[in-house]
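**Student:** Sequence plus the predicted model coming up.
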Amino acid sequence: MTFIVAHRGVHDEAPENTLEAFRAARTMGVDGVELDVHRTSDGQLVVHHDFDVAGSVIAAHPASALPAHVATLEECLDVLGPLFVNVEIKTPDDDSAERDVLAVTRDVLAVLRGRSTAGAASISSFDLGVCRLARQLDDAVGVEWLNWRVPLREALDEAHRRGFSGVNPHYLLVHADEARRAAELQLTLNVWTVNDDEDLRAQLGLPLTSIITDRPQRALALRDERARDATL
């Protein structure tokens, strides 16, 4: 069964990447949640999509200076409980402001390693260097390479060679042949961000590990619909 993963929580009901959005996801019954993490100037891991919030660069300020809705990674994990959690580590496109990637990766791994949910969590990043680093530092937590520009078969072979646990491609890159190749290599295949009914139905027809979506309630309904049809 393909897992349904709520992209940044259920943000139809609450602002994305907030405790309220994650509580809504857990109540809805999704299989997992994808969230984004940054490190503050005082070494706290906080959950937010962009590098800045309310005009302040997260990496340049202590956690206490950020708006109250910006929760720590540990607070989010407490709310999410047994749900699978995909923690995306972001790196900037320039040399502007973000922090030491080693410190972020190391600290995220330490949080995941110290929790009972560590086996149900993964680190993901578009940055191949972050994925390599995460795998070097820890061989237990899942490492998934986010992919958009690299041809998927090439990305799958690279992930397998590097010992990653999976690849998270944009859904337009995925076809049946690539899905079969991922299975052959024993890699998870987690597509993003699938929102339209037609696209959700198409992706549910492939042997994928999970679908990351902004419409988790609709994705769950379509998955249930497909399961019912299969029993007729």
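**Tutor:** Cool, the structure landed.

**Student:** For this protein, which segments count as helices?
**Tutor:** In the chain, the helices defined using DSSP state H lie at 19-28, 73-80, 101-113, 128-137, 152-162, 176-184, 197-204, 216-231.

**Student:** Out of those helices, the one nearest A63 is which?
**Tutor:** Minimum separation from A63 across the helices of the chain (CB to CB) falls at helix 73-80, 10.8 Å. Quick note: C-beta positions are derived from backbone N, CA and C, even for glycine.

**Student:** Does the closest one pack against any helices or strands, and if so which?
**Tutor:** helix 19-28, strand 32-39, strand 45-47, strand 84-89, helix 101-113 (3 or more CB pairs under 8 Å, 6 or more residues apart in numbering; DSSP states H and E).

**Student:** show me what contacts the closest residue to H170 other than its chain neighbours?
**Tutor:** Distance criterion CB to CB, 6 or more residues apart in numbering; nearest residue to H170, sequence neighbours excluded, is W148 at 5.0 Å. By CB atoms under 8 Å, 6 or more residues apart in numbering, the contact set of W148 is F126, P169, H170, L173.

**Student:** Now list the buried members of the residues you listed.
**Tutor:** Among the contacts of W148, the ones that count as buried by 16 or more other CB atoms under 10 Å are F126, P169, L173.

**Student:** Test my guess that A155 contacts N147.
**Tutor:** Yes. Applying CB atoms under 8 Å, one finds A155 in contact with N147, separated by 4.6 Å.

**Student:** who touches both of those two?
**Tutor:** Applying CB under 8 Å, 6+ apart, one finds that A155 and N147 are jointly contacted by V167, P169.

**Student:** and which of the contacts of W148 is nearest T91?
**Tutor:** After measuring the contacts of W148 against T91 - CB to CB - the closest member comes out as F126, at 7.5 Å.

**Student:** can you count the residues close to the nearest residue to that closest one once chain neighbours are set aside?
**Tutor:** Distances taken as CB to CB, 6+ apart place L146 nearest to F126, at 4.4 Å, with adjacent residues excluded. With neighbours defined by other CB atoms under 10 Å, the count for L146 comes to 22.

**Student:** if I pick L146, what's in contact with it?
**Tutor:** L146 touches E88, S124, S125, F126, N168, P169, W192, counting by CB under 8 Å, 6+ apart.

**Student:** quick one on the thing from earlier: quick check: pLDDT value at the residue nearest to H170.
**Tutor:** At W148, the model reports a pLDDT of 94.

**Student:** Same question for G119.
**Tutor:** pLDDT at G119 comes out at 53.

**Student:** which intervals of the protein have sub-threshold pLDDT?
**Tutor:** Where the chain drops to pLDDT under 70, the residues are 93-99, 116-119.

**Student:** give me that answer again for 80
**Tutor:** 92-99, 115-119, 232 (pLDDT under 80).

**Student:** what sits up against stretch 190-200?
**Tutor:** Contacts of stretch 190-200 (CB under 8 Å, 6+ apart): 5, 7, 34, 86, 144, 146, 166-171, 174, 203, 208-215, 218-219, 222.

**Student:** from those residues, which ones fall inside strands?
**Tutor:** 5, 7, 34, 86, 144, 146, 166-169, 210-213 (DSSP state E).

**Student:** Now L109. Nearest residue, chain neighbours left out?
**Tutor:** Here the residue nearest L109, using CB to CB, 6+ apart, is D138, at 4.8 Å.
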